[in-house]
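[1] need the 3D shape of this:
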Amino acid sequence: MRPFEDSTMIQCEPNRIPPAIQAFCHRLADSAEDPVAAFIHDLDALRDRVRWLRSHLPDGVELYYAIKANSEAAILNTVAPWVDGFDLSSGGEVRKVIQHDLNRPFVLSGPGKLDSDLRLAIEAGVERVHIESLDEIRRLNGIAGDCGIRQRVLLRVNPLLPEPLSTKLSMAGQPTPFGIEERQLSEAVMRVDACEHLELGGFHVHAMSHQMDVERHRTLLDGLLDKWPVWQALAERPERVTELNVGGGMGVNYLGAEQFDWPALCRHLRQRLAWLPNPPLLRFEPGRFITAYCGYYLMQILDLKHNHGEDFAVCRGGTHHFRLPAAQGHDHPVVHLPRGAGRGNTERRVTVVGQLCTPKDVLARGVRLTEPRRGDLLVLPLAGAYGYNISHADFLCHPRPALHFIRTGAGRHNAAVGEGTA
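    A predicted model of the protein is given here:
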């Protein structure tokens, strides 16, 4: 397939907000009685993003969306036509996918699955269950038997990894609650083979998150493909073991324009798979890497103050809406949209904070603003993943943020703004 041509998908400029998004932010502020705090999602940009990702995939490689990153209905419906399925990690996520009738297969993964989660997923027609432990094999076999089916499964492996492959958030290659240790894999395969109601389809490894170095990701994939024939041979009927789910983990650079080189990774993978005599069906399941670029968090300045040598912009909203900067420990990019004329060019370095009664309610430090005023708008880009859905929204009982899903005609020069609020 010829790659979908859209250079905006390759590079991201955190300090640039598309004009259509800026216009929508001003319209929200103009029409609101109180200062605003809201999420804005550009569904056309999201569609273009997932099309671009998919266009680079080699043959024999699938793209699933991990909905934990953002499971709002408008997001799911937008990505559904362009992905092969969905990665779910709870009974609640299963219910959400069922509710929206997305007409895509789904897998159930994650540690600590309840029996009720497993039963619900099976009754809903789950494509694969990713087994996380030896005991989960026993439990799932019993539930599948009660449901009268033979459930296809993948074994999640916590493999041995070289030290350079550890990341800020490592999921494998060290002690973690995720997956089955590689030295126990032979036993796990034998247990699945002995189960009347389970069928082994392959293996799942999600080793790294926040991965920005494409070379390290190539090394990871090469290592897993080297292990593939060894793992496959453990099965009683290896010809039925055909799938290798390599998770997601491709990172997002929140502080600069240079992003993970997805086309380079796909080119390498295409060559690597061509060398294998019997390659597996490979599956990626990113979340953040699909949706982060298409969301914005809007705040409005309530107050400007100076305390002990530091300037603060106190804004409507905060980390109870957008927890990502605090959760990841970074200063998020902030774009200033002044309201009103008569500005000079004096810069002021401020710490952007929200309304919460805690000094941890910080979204960015040392932000350079040109003559900020009460009522000005601040826009935080790259807010489409792990923002509101991981936030402590009920702390202090502040109102929940408005969620807007708009179509800006991304990729077209004559962009028009549409509106939708959920």
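
[2] residue ranges with poor pLDDT in the protein?
    Where the chain drops to pLDDT under 70, the residues are 1-15, 162-178, 410-422.

[3] could you chop it up by domain?
    7-41+292-406, 105-286 (automatic domain parsing).

[4] scan this structure for its longest helix.
    Secondary structure of the chain per DSSP state H: the longest helix is helix 214-232.

[5] which outside residues touch that one?
    Helix 214-232 is contacted by residues 157, 159, 161-162, 164-165, 185, 189, 202-203, 205, 207-208, 211, 238, 241, 244, 246, 249-250, 260-261, 264-265, 268-269, 272-273, 276, 278-280 when judged by Cβ atoms under 8 Å, 6 or more residues apart in numbering. Every C-beta, even on glycine, is put in place using the N, C-alpha and C of the backbone.

[6] part of a helix, is P286?
    No: under DSSP: H, G, I helix; E, B strand; the rest coil, P286 falls outside any helix and is assigned coil.

[7] can you give me the strands in the stretch 101-250 of the chain?
    106-108, 128-131, 151-158, 169-170, 180-181, 198-204, 208-209, 243-245 (DSSP state E, counting those that start in this stretch).

[8] any buried residues in stretch 392-401, and which?
    For stretch 392-401, the neighbour count (16 or more other Cβ atoms under 10 Å) marks 398, 401 as buried.

[9] A207 is in contact with L161, isn't it?
    Yes: counting by Cβ atoms under 8 Å, A207 touches L161, with 6.2 Å between them.

[10] between those two, which is the more surrounded one?
    Legend: neighbour count by other Cβ atoms under 10 Å for A207 and L161, higher for A207 (28 against 20).

[11] any idea how far that one is from N158?
    Here A207 is placed at a distance of 8 Å from N158 (Cβ to Cβ, to the nearest Å).

[12] and the strands of the stretch 101-250 of the chain: which comes nearest D311?
    strand 169-170 (32.3 Å; Cβ to Cβ).

[13] pull the number of nearby residues for R218.
    R218 has 16 neighbours, counted by other Cβ under 10 Å.

[14] how close does it sit to F260?
    12 Å.

[15] bridging residues for H404?
    Under the criterion DSSP bridges, H404 forms beta bridges with I40, T421.

[16] kindly write the ChimeraX command that selects the buried subset of the contacts of helix 214-232.
    A single ChimeraX command selects the buried members of those (16+ other Cβ under 10 Å):
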select :157,159,161,165,185,189,202,203,205,207,208,211,241,244,246,249,250,260,261,265,268,269,272,273,279,280
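
[17] distance from stretch 357-370 to the middle of the chain?
    Mean C-alpha position of stretch 357-370 versus that of the full chain (Cα atoms, centre = their mean, to the nearest Å) differs by 24 Å.

[18] what's that stretch in contact with?
    Residues outside stretch 357-370 that contact it (Cβ under 8 Å, 6+ apart) are 299, 313, 315, 318-320, 322, 325-326, 331-334, 336, 338, 343-355, 376, 380, 396.

[19] and with 6 Å instead?
    318-319, 325, 331-332, 334, 336, 347-354 (Cβ atoms under 6 Å, 6 or more residues apart in numbering).

[20] stretch 263-277 now?
    Defining contact as Cβ under 6 Å, 6+ apart, one finds that stretch 263-277 is touched by 56-58, 214, 217-218, 279.

[21] out of these, who's the most crowded?
    H217 (26 neighbours).

[22] so how far is E371 from it?
    Noted for H217: a distance of 43 Å to E371, by Cβ to Cβ.

[23] closest to E93 out of the domains of the chain?
    The minimum distance between E93 and those falls on domain 105-286, with 8.4 Å, by Cβ to Cβ.

[24] check the offset of the closest one from the chain's centre.
    17 Å.

[25] follow-up on the earlier one: most widely separated two among the contacts of stretch 263-277?
    Farthest pair in those, by Cβ to Cβ: V214 and P279, 20.4 Å.

[26] TSV for the domains of the chain, including distance to N70?
    Formatted as TSV, those follow (distance: least, Cβ to Cβ, whole Å):
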stretch	distance to N70
domain 7-41+292-406	5
domain 105-286	12
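
[27] to A74, which of these lies closest?
    Between A74 and those, the tightest spacing by Cβ to Cβ is seen for domain 7-41+292-406, at 4.0 Å.

[28] what segments of the stretch 51-200 of the chain are helices?
    Here the stretch 51-200 of the chain has its helices, by DSSP state H, counting those that start in this stretch, at 73-79, 91-100, 115-123, 134-147, 185-193.
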